[in-house]
Every structure is written in structure tokens, then in C-alpha cells.
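after the sequence you'll find the predicted model.
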Amino acid sequence: MSLRKYIFVTGGVTSSLGKGIISASLAKLLQARGYSVTIQKLDPYINVDPGTLNPYEHGECYVTEDGAETDLDLGHYERFLNMATTQNNNVTTGRIYQSVINKERKGDYLGKTVQVIPHITDEIKRRIKILGSKGNFDFIITEIGGTVGDIESLPYIEAIRQLKWEMGPLNSLVIHLTLVPYLSASAELKTKPTQHSVKLLLENGIQPNILVLRTEHPLNNDIRKKVALFCNVDFGSVIESVDVSTIYEVPLLMQKENLDVSVLQKMNLPVENKPEMKPWKQFVNKVKNPRHHVKIALVGKYVELPDSYKSIMESFVHAGAVNNCKVELRSLQSEKLNESNIGDLLSDMHGILVAPGFGDRGIEGKILAARFARENNIPFLGICLGLQCAIIEFARNVLKLEDAHSTEMYLKTPHPVIDLMEEQKGVTSKGGTMRLGIYPCNIKPGTRCSRIYDREEVLERHRHRYEINNEYLDRFAEKGFIASGINPDTGLVEIMEIPEHRWFVGVQFHPEYRSTVLSPHPLFINFVSEALKFRNSD
Ligand code: GLN
């Protein structure tokens, strides 16, 4: 029997304090004590899911195995916990309202007036409980997006208040994450914003049980005592979260601060055993003390906001650690790449990655980057649109198919080497209609990818509408660009590679969604190791 304890994580003072990382770190510590844990993110915006959001809004859209387009925090949960999440792990206000309105249309409310309280709050509570009842979890951590005091998060706060009351203190608690700003003019850390933020929670009927304080400088005991006294929490439940160089250090920091102990004590659970964090510590040690160093270009169109490519960046951290290597990513805005600057920008790189994306802005720069990698024998990884760009480039410059393109960018191209899938042709609605989630891929024996994966069939996650046009495959193969991974059910091409090249691989799926700390992705590991070899061959 699972324990089914509920932990709610709220945030105050400002956004971007890292609730996702704190939630994932606590989950990691509980998991490392042998508990089964899951984490859920509730997002107060009205989009039904983040799939329709531009990455500049909230960063990358993370895709789960069951094909849900979700918040990037789910990526952190999976990377920390090494386990798959599902649609149930991410709920938005849009989704909540959609189900309530659908029920109302069906007549399920039997003539009642449908209101925020109780109908919306009941639906929020149901979504929180579903997660606990579907899996066999000891702890269900629910992170509420946004900041306490936001109008849009009010129904969530009320739902938590009710759940806390229903479940009682041994089965539920609230952790509130705030900021303790440092005023350099007076050289002081200030607790007032935290006090105000807790007051806001209290106004809504919630007394937080644990406070996690983000700070640039360590907190002394006087400050901790002051926060404890004015916010009604015990001294041991004032937890410091000081800035660190890598997010992967946060679980170790939280362990030092006894966050897990505080949670367990409040829920009357044993605290004698310590979490087993040895493999994690070894990983952090490798991340912090690399022996080697490689430079890899990340060519994309959303590079100004690093969160847009979060999973790719984290995959390089995992793969770097395996290779005892720091991967320095140089983010390049593809729109700015042209024939005259490409040499300057890319020739000192040990690897080039062309990123996923949509639409034609910056597409020619991506195509140029793929060409530069191919012609100069620089290790290359193309992901989704990155693979499609490599195909377009090869078609134009090697197969001499003038104006070859993807029909996403140029509908009337004479050579649609990338084309819309048949089942996509009638689709007009944007939300949740791509080829999404996990699909099998058979790896051709004897290829580079079969050596990398060392498996005949792999499962990878997808998020795209367009595909390689199989009518051109033979022509590509004749010139040395071969399909090394095929979907066994549909015949769609999933992986292409150039065997003659040092390392040139393009994948239609997203390997970055499957890389975790304890199980880094083989493609990234191998790409970094080849980049390292290339560097050493200079
Ligand atoms: N825009 C391309 C497609 O829809 C690639 C998508 C992606 O890179 N995720 O097929």
C-alpha cells in the first residue's frame, strides 16, 4: 500500500525562483530514501496546454511518452527522478475550464449554477487526486505555477486550502518558496518580502508548513529565527536555498538543509535512514570538475532565451559528465548566419547541432550550418527540423535538386523532400494535433546508430507534422546519406546518417526528452565523445 501523502509547493515574491527545481530536488531525496514519488505542475494560464505557445513565452514545450505537450518543469522532474511523466502531471486552467464547460454542456450539473467555487476548485482537486489514485505513490508533489497573489492562481490556492483541511496535517503540507533579497548598499538580507508573501497565503487561509528561501548569500541564524517567528513556522523548517553553479547540486543542498527530514517529521514518518545519493554525488562531481572541454554550436531561432532549448542543454550536461567533459554551447541565431560569416562562427567548433523548430524564419541559416558541418567533416546532430534542414541541404547541393525544400516553408517546391504526412493533410486545428509522443524505430544493423544504441528497436518521442519524403530515399542512399532508423509500422524515416562522414546523424524524433541524470541519452553521449575526438585530432 502506498502512503499517498500530498505536498503542495507555492511560490511568492517573484516568479522564476525555481519551484520546479526545489520540487524535483525534494522528490529526488524522498525517492533516494526508497519512496515512490511523482510531481505535478498546475499552470494557471488559459491555454489548454503549452503546445500552442511560442518558446519565448514559457520556454521549451516538453513532450511526454503519452504525447502530452507540457511545461518544461516536467523535463526537470523526469531528469531528476529518472521516470516518465504523463498528461496527468501537467494541468492548466484551460484544461480545467474545458472539462467543466464540457460537463455543463452535457447537463451533468443538473441545472446548478456553475461557479469557480465549488466547480472549478472541485475539478482542480480531482486533477490533483487522479495522479495519486492512478499510480502507487507515497508522495504526490503538486507545484502551483505563478506567484501567490496573482488573480489567476486564486482557485488553485483555494483548492489546496480545502485539500489540506480534508487530508489533515499528517497527509498534506505546504512548502512556500520565496526570495530574500540582498541590498548591497546596506549589505543586508531582507525578510520583509517573505513576511508579506506568507501574509498573502494566510489571507487565503493557508499557513505554510515549510519555507524555502532563495538567496544570493547564506542566511545566518538571526534571519532564520526572524522568518520563523514572523511566519509561524518552526526554526528547522526555514530552509536556505543559496545560488549554486549547477541545478543538479540543489538536491544535495536541500539534503544539507534537511528539507526531506522536515517533511518526514511533519508527516510522522521515520527519518533515521539517509537518502542514497551516492550516484547523484558522483554525477555532480563530474559536472563540476570536468577534465576535458569541447565547444558545440547550437544553431536555432529562439537562442536568446536559453529555456527554449532546455532539454537539449541538459542532455549535454548529462552526456558531458559521462565523457568527463564540459560542453560549452555556443548559441547561434540561425537568422544571422550567412555565407560570409559562417566560417568565422563555426570553424572552431567541435560539433554542430541544428535545433528543432517551426516556420521559415532563420531556415536558410540552419541549412547553411548543416552544409558547413557536412563539407568540413565536423560532427553534426540534427534534431527534427535540424534533420529536415540536413535533408534539404543534401538534396540541393549533392543531388542538385534545385529549390528542394520542405512544404512547410515552400508549398510549391518542385522537390518536396520534406512533406506533410498523409494523415496531417486535413488537419486545421493547431493544439495537440502533431505526431506526438512515443513511437518505435527499428535500427538498421551495421549502421553507426546500431553501434550507438546497441539495440534493434528503440522508442523515442516525437513532435512534428512533416516527414522525410520516402520517394527520394534511394537517391539519397546512392550518394551516401542513408536511412538507419525506420518506423516498423509506417515505414517513416526516423534516423538518417552519412557513414562516410566523421559523425553526421539526423533524427526525426527528440532524443533530448529522454536524457536523464542516471540514464543519459546514447546519441548525446556519442556525439560529445566524437566532438572530443575531433578536438583532439586538431
Ligand atoms: N516544423 C517541423 C515539423 O513540424 C519540425 C518540428 C520540430 O522540429 N519539432 O515537422
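Good, I have the coordinates.

for residue 480, give me the pLDDT.
Predicted confidence (pLDDT) for residue 480: 97.

distance of it from residue 530?
18 Å (C-beta to C-beta, to the nearest Å). Yep, even glycine has a C-beta here, placed from its N, CA and C like the rest.

show me where the stretch 401-538 of the chain has strands.
Shown for the stretch 401-538 of the chain, the strands assigned by DSSP state E, counting those that start in this stretch span residues 405-406, 416-420, 435-443, 457-464, 466-468, 482-486, 493-497, 504-507.

what do you get for the stretch 151-300 of the chain?
172-180, 182-183, 188-189, 210-215, 238-242, 292-300.

got JSON lines for these, with mean pLDDT too?
Output for these, formatted as JSON lines (pLDDT from 0 to 100):
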{"stretch": "strand 172-180", "mean pLDDT": "98"}
{"stretch": "strand 182-183", "mean pLDDT": "95"}
{"stretch": "strand 188-189", "mean pLDDT": "94"}
{"stretch": "strand 210-215", "mean pLDDT": "98"}
{"stretch": "strand 238-242", "mean pLDDT": "97"}
{"stretch": "strand 292-300", "mean pLDDT": "97"}
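
TSV for those strands, including mean neighbour count and distance to residue 509?
Formatted as TSV, the strands of the stretch 151-300 of the chain follow (neighbours: other C-beta atoms under 10 Å; distance: least, C-beta to C-beta, whole Å):
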stretch	mean neighbour count	distance to residue 509
strand 172-180	24	34
strand 182-183	11	44
strand 188-189	15	46
strand 210-215	23	36
strand 238-242	22	35
strand 292-300	22	17
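
list the contacts for the residue of the stretch 151-300 of the chain found nearest the ligand?
Going by C-beta to the nearest ligand atom, the ligand is nearest to residue 300 of the stretch 151-300 of the chain, at 9.8 Å. By C-beta atoms under 8 Å, 6 or more residues apart in numbering, the contact list for residue 300 reads 308-309, 331-334, 354-357, 362, 366.

mind putting the strands of the stretch 401-538 of the chain into TSV with distance to the ligand and mean neighbour count?
TSV is the format used below for the strands of the stretch 401-538 of the chain (distance: least, C-beta to the nearest ligand atom, whole Å; neighbours: other C-beta atoms under 10 Å):
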stretch	distance to the ligand	mean neighbour count
strand 405-406	7	24
strand 416-420	7	22
strand 435-443	8	20
strand 457-464	3	19
strand 466-468	3	22
strand 482-486	16	22
strand 493-497	12	26
strand 504-507	10	26
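
would CSV of those strands with distance to residue 370 be doable?
Listed next are these as CSV, based on distance: least, C-beta to C-beta, whole Å:
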stretch, distance to residue 370
strand 405-406, 13
strand 416-420, 13
strand 435-443, 21
strand 457-464, 17
strand 466-468, 14
strand 482-486, 16
strand 493-497, 11
strand 504-507, 8
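
check which helix or strand covers the residue nearest the centre of the chain.
By C-alpha atoms, centre = their mean, the chain has its centre lying nearest to residue 75, at 2.9 Å. According to DSSP states H and E, residue 75 maps onto helix 73-81.

after that helix, which helix or strand is next? Please name it.
Sequence-wise, the next helix or strand downstream of helix 73-81 (DSSP H and E) is strand 90-92.

what pairs with that next one, parallel or antiparallel?
Sheet partners assigned to strand 90-92 using DSSP bridges are listed as strand 37-43 (parallel).

how far is the partner strand from where the chain is centred?
Centre-to-centre, strand 37-43 and its host chain are 13 Å apart (C-alpha atoms, centre = their mean, to the nearest Å).
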